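Student: give me coordinates for this.
(4 chains)
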There are 2 protein chains.
Amino acid sequence: MVYRRTQAVVTRLEDNRARILAAARKLVAEGGWRHAHIATVAESAGVATGTVYRYFPSKAELFAEVLAIVSRRERDVIAAVVDGDGAPPVRMRGAVCAFARRALRGRRLAYAMIVEPCEPEIDAARLEWRAALGEEFVRLIRIGQEQGAFRAGDARIAAACVVGAFMEALVGPLAPEAFADERVADALIDQIADACLAIVAKPPARATSRIGRIA
Amino acid sequence: MVYRRTQAVVTRLEDNRARILAAARKLVAEGGWRHAHIATVAESAGVATGTVYRYFPSKAELFAEVLAIVSRRERDVIAAVVDGDGAPPVRMRGAVCAFARRALRGRRLAYAMIVEPCEPEIDAARLEWRAALGEEFVRLIRIGQEQGAFRAGDARIAAACVVGAFMEALVGPLAPEAFADERVADALIDQIADACLAIVAKPPARATSRIGRIA
DNA sequence: ACCTCATGTGAACCGCAATTCATTCCTTGA
DNA sequence: TCAAGGAATGAATTGCGGTTCACATGAGGT
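Tutor: This next block holds a predicted model:
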């Protein structure tokens, strides 16, 4: 064999791959899933359609990776807050606010990542992402419970509630047709954080949360 | 014109339509969206493929209507609780529990309705349903606020948080591969209700929810 | 009975974008 | 410079299931 991948080639390959991913991401961030076609991605990345398939086995896997990359960043941000210092309630508020703020800044992308209807295969990847985000909150809630700052209970359920709460609350405001106003956004974030904190916070002495309990 | 729809025919037409809808619903409830094909629906309803199109303009609209029907029932159940008597916290707990209990009973269908990846068009209908459900909670929260039982704030945001919280908390347990145990389910429902109640309940005197606030 | 129009049928069609692959273009090492 | 194989190309193919439509069947009215 007289051909072996030289460093230059390896670099170029990696660069291509990165450019394809970047193009895919950019397209989603601009036009949502509706415009995320392989042909468009290829063109935007400056390669031929077929070339995309030299790097990714299928459309679903390409976009799943885009999702994974974006997700990972968000997860890292949250993880940093979770592992930071400050009392658990402070961290909870910080994590939720961080997510909400970042989502509202990169609205179109966040909308696509969180709610925009998309192909089933990509949607499945979203579920995994949510689960991963949830894990960070599970960790945080367990920390809070150990320190006696949060109320007892299954941390996974509480985490799911927290994640669901802030995600759903962002759905409306993230919609492309919604208005984006700094003031409104701040108030929104604040209230979402209140809600999330309330989910895990210890109830007052005479447990309000017992009201209306079935059993 | 020598032909006019007689009552018998009208009845038969309505019956066909109903059977198609029922078949569609049944298929989703059994196999999820994956098996929800027009041809399958037609067969299951005892009509020809083309006949389905005499009653519904497209696959998306057929399933959107299925979704609407199932949704409406859920919404009505919640509306009944919202308009019932009892203090707002009791109603909140009741509404959430009712939804969760019903969802866990009709697991497969609930899973499809809430999370299962599906075609974009159908997914869009889901968003509307969630919004509709949310409205009931907005009403409830406003009632609670007026009575001074719930804390102040934008009811729509709080409602979104509540809906997101219980929906997301149900995602894991509703997944087809998850186990269904009565005891576990009851505990789950109870904890979800706690979380949702906490979102809207008034905080204790020295507001815990102020902890860690940004501004 | 029979004409007319509505309803039902299901095999064929179609649209669309993902995916493929024969071909061309590059890169390597001798 | 060249042989050998890797990488890139993009037009053609594919596949799939929704949708159509020419025809059959059945109902209504005279």
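
Student: which residues touch the most centrally placed residue in chain A?
Tutor: For chain A, the residue sitting closest to the mean C-alpha position, by C-alpha atoms, centre = their mean, is A:Ser71 at 4.6 Å. Applying C-beta atoms under 8 Å, 6 or more residues apart in numbering or on different chains, one finds that A:Ser71 lies in contact with A:Met113, A:Trp129, A:Ala132, A:Leu133. Any C-beta I mention is one placed from the backbone N, CA and C, and that applies to glycine too.

Student: tell me the one of those residues nearest A:Ala160?
Tutor: Minimum distance to A:Ala160 across those is 10.2 Å, recorded for A:Leu133 (C-beta to C-beta).

Student: tally of neighbours for the residue in chain A positioned nearest to DNA strand D?
Tutor: Residue nearest to DNA strand D within chain A (C-beta to the nearest atom of the strand): A:Gly50, separated by 1.6 Å. Neighbour count for A:Gly50, taken as other C-beta atoms under 10 Å in any protein chain shown: 9.

Student: wondering if the longest helix along chain A reaches DNA strand D at all.
Tutor: Looking across chain A with DSSP state H, the single longest helix is helix A:120-146. No - Helix A:120-146 does not reach DNA strand D (C-beta under 7 Å from any atom of the strand); its nearest approach is 11.1 Å.

Student: for that helix, buried residues please.
Tutor: Going by neighbour count (16 or more other C-beta atoms under 10 Å in any protein chain shown), the buried part of helix A:120-146 is A:120, A:122-123, A:125-126, A:129-130, A:133-145.

Student: which parts of chain A are helices?
Tutor: Along chain A, counting by DSSP H, helices occupy A:7-31, A:38-45, A:49-55, A:59-82, A:88-105, A:107-114, A:120-146, A:155-174, A:182-200.

Student: pop the domain breakdown of chain A in here.
Tutor: With domains defined by automatic domain parsing, chain A comprises A:1-56, A:59-203.

Student: buried deepest among the ones you listed, which one?
Tutor: domain A:59-203 (a mean of 20; mean count of other C-beta atoms under 10 Å in any protein chain shown).

Student: first to last residue in that one, what's the distance?
Tutor: 48 Å (C-alpha to C-alpha, to the nearest Å).

Student: and it, how far out from the chain's middle?
Tutor: Remark: domain A:59-203 is offset 7 Å from the chain centroid, using C-alpha atoms, centre = their mean, to the nearest Å.

Student: for A:Val47, which non-adjacent residue is closest in space?
Tutor: Setting aside the residues directly before and after it, A:Val47 is nearest to A:Asn16 in space (C-beta to C-beta, 6 or more residues apart in numbering or on different chains), at 6.4 Å.

Student: any idea how far A:Arg75 lies from chain B?
Tutor: 16 Å (C-beta to the nearest C-beta, to the nearest Å).

Student: ugh, wrong one, A:Ala193
Tutor: Between A:Ala193 and chain B the distance is 8 Å, computed by C-beta to the nearest C-beta.

Student: ok, now which ones touch that residue?
Tutor: With contacts defined as C-beta under 8 Å, 6+ apart, A:Ala193 is in contact with A:Met92, A:Arg93, A:Val96, A:Cys97, A:Ala100, B:Arg213.

Student: just for chain A, where's the confidence low?
Tutor: A:1-2, A:204-215 (pLDDT under 70).

Student: pretty sure A:Arg93 contacts A:Ala195?
Tutor: No - counting by C-beta atoms under 8 Å, A:Arg93 does not reach A:Ala195; the two are 10.7 Å apart.

Student: spatially, which two of the contacts of A:Ser71 are the most separated?
Tutor: Using C-beta to C-beta, these reach their maximum pairwise distance at A:Met113 and A:Ala132, which is 12.4 Å.

Student: spell out which residues of chain A are next to DNA strand D.
Tutor: For chain A, the residues in contact with DNA strand D under the definition C-beta under 7 Å from any atom of the strand are A:1-3, A:5, A:9, A:12-13, A:16, A:47-51, A:53-54.

Student: 10 Å - rerun?
Tutor: For chain A, the contact set with DNA strand D under C-beta under 10 Å from any atom of the strand comprises A:1-5, A:9-10, A:12-13, A:15-17, A:20, A:38-39, A:42-43, A:45-55.

Student: for A:Pro88, what are its contacts?
Tutor: Here A:Pro88 is in contact with A:Leu140, A:Ile141, A:Ile143, A:Gly144, A:Gln147, A:Ala149, A:Phe150 (C-beta under 8 Å, 6+ apart).

Student: name the nearest of those residues relative to A:Asp186.
Tutor: Within the contacts of A:Pro88, distances to A:Asp186 taken as C-beta to C-beta reach their minimum at A:Leu140, with 22.9 Å.

Student: just the closest residue of chain A to DNA strand C, please.
Tutor: At 2.9 Å from DNA strand C, A:Thr6 is the closest residue in chain A, using C-beta to the nearest atom of the strand.

Student: OK, contacts around that residue?
Tutor: Applying C-beta under 8 Å, 6+ apart, we find A:Thr6 in contact with no residue.

Student: so how far is A:Ala18 from it?
Tutor: Distance, A:Thr6 to A:Ala18, using C-beta to C-beta, to the nearest Å: 19 Å.

Student: could you find the closest non-adjacent residue to A:Ile189?
Tutor: Leaving aside its sequence neighbours, A:Ile189 sits nearest to A:Ala100 (C-beta to C-beta, 6+ apart; 4.5 Å).

Student: hmm, that neighbour is touching A:Val171, no?
Tutor: No - counting by C-beta under 8 Å, A:Ala100 does not reach A:Val171; the two are 11.8 Å apart.

Student: quick one: stretch A:50-59 near chain B?
Tutor: No - using C-beta under 8 Å from any C-beta of the partner chain, stretch A:50-59 stays clear of chain B, with a minimum separation of 14.2 Å.

Student: what's the first-to-last distance across that stretch?
Tutor: Start and end residues of stretch A:50-59 are separated by 12 Å (C-alpha to C-alpha).

Student: ok, residues contacting that stretch?
Tutor: Taking C-beta under 8 Å, 6+ apart as the criterion, the residues outside stretch A:50-59 that touch it are A:Asn16, A:Arg17, A:Ile20, A:Ile38, A:Val41, A:Ala42, A:Ala45, A:Leu62, A:Glu65, A:Glu121.

Student: tell me how far the closest residue to the second one other than its chain neighbours lies from B:Pro89.
Tutor: It stands for A:Arg17. Leaving out its chain neighbours, the residue that sits closest to A:Arg17 by C-beta to C-beta, 6+ apart is A:Tyr55, at 4.8 Å. Taking C-beta to C-beta as the measure, A:Tyr55 and B:Pro89 are separated by 55 Å.
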